[in-house]
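K.L.:
fold the following.
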Amino acid sequence: MDLLLWRHAEAAEGSPDHSRELTERGHRQARRMAEWLHKNRPKKLRVLVSPTVRTRQTAAAFTQDFEIVPALAPDCGVADLIGATGWPDASGAVLIVGHQPGLGRLASLLLAGVEADWTIKKGALWWFTNRVRDDETQTVLRTVLPAELA
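P.N.:
Here you go, the predicted structure:
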């Protein structure tokens, strides 16, 4: 399985939190990463998005074919993210467009084996895959890409 974590692009400050929209810079970040994803995406990619405006706008730069998942809201935990994706047993690939601190904590768990407060920059993408070697399931970090380098 491939698991891609894409933190929403830069959004305007304000309230209510769920209604915050991308800034012009955020739209540029989302478009750049979307272009990279179009060239490098895994096949059979399922796109799951938090219900916030900023995550939907980020995902829309890449595709209109995404699923809004309430369990991916800003206050979600790692268990919610894993449950929504089926990691590591689902087939194919899943892209989550979500939030900090949940995405960073999931990245930490996948790579270090414990949840920690790792930061994923706005608009950045982290791509993981899992494999089995000698009857041991391993997590492999394939890509970490900040929006400005996409």
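
K.L.:
quick one, strands of this protein?
P.N.:
Secondary structure of the chain (DSSP state E): strands at 2-7, 45-49, 67-68, 93-98, 125-133, 136-145.

K.L.:
what strands flank the last one, and is each parallel or antiparallel?
P.N.:
As defined by DSSP bridges, the strand partners of strand 136-145 come to strand 125-133 (antiparallel).

K.L.:
contacts for the partner strand?
P.N.:
When contacts are defined by Cβ atoms under 8 Å, 6 or more residues apart in numbering, strand 125-133 is touched by residues 1-7, 33, 36-37, 87-88, 103, 107, 110, 120, 137-145, 150. C-beta: built from backbone N, CA, C; applies to glycine.

K.L.:
dump the strands of the chain into CSV; add mean pLDDT and mean neighbour count as well.
P.N.:
Listed next are the strands of the chain as CSV, based on pLDDT from 0 to 100; neighbours: other Cβ atoms under 10 Å:
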stretch, mean pLDDT, mean neighbour count
strand 2-7, 98, 25
strand 45-49, 97, 19
strand 67-68, 98, 13
strand 93-98, 98, 26
strand 125-133, 92, 16
strand 136-145, 93, 13
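
K.L.:
okay, those strands in CSV with distance to residue 25 next?
P.N.:
What follows is those, written out as CSV (distance: least, Cβ to Cβ, whole Å):
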stretch, distance to residue 25
strand 2-7, 14
strand 45-49, 20
strand 67-68, 24
strand 93-98, 17
strand 125-133, 17
strand 136-145, 17
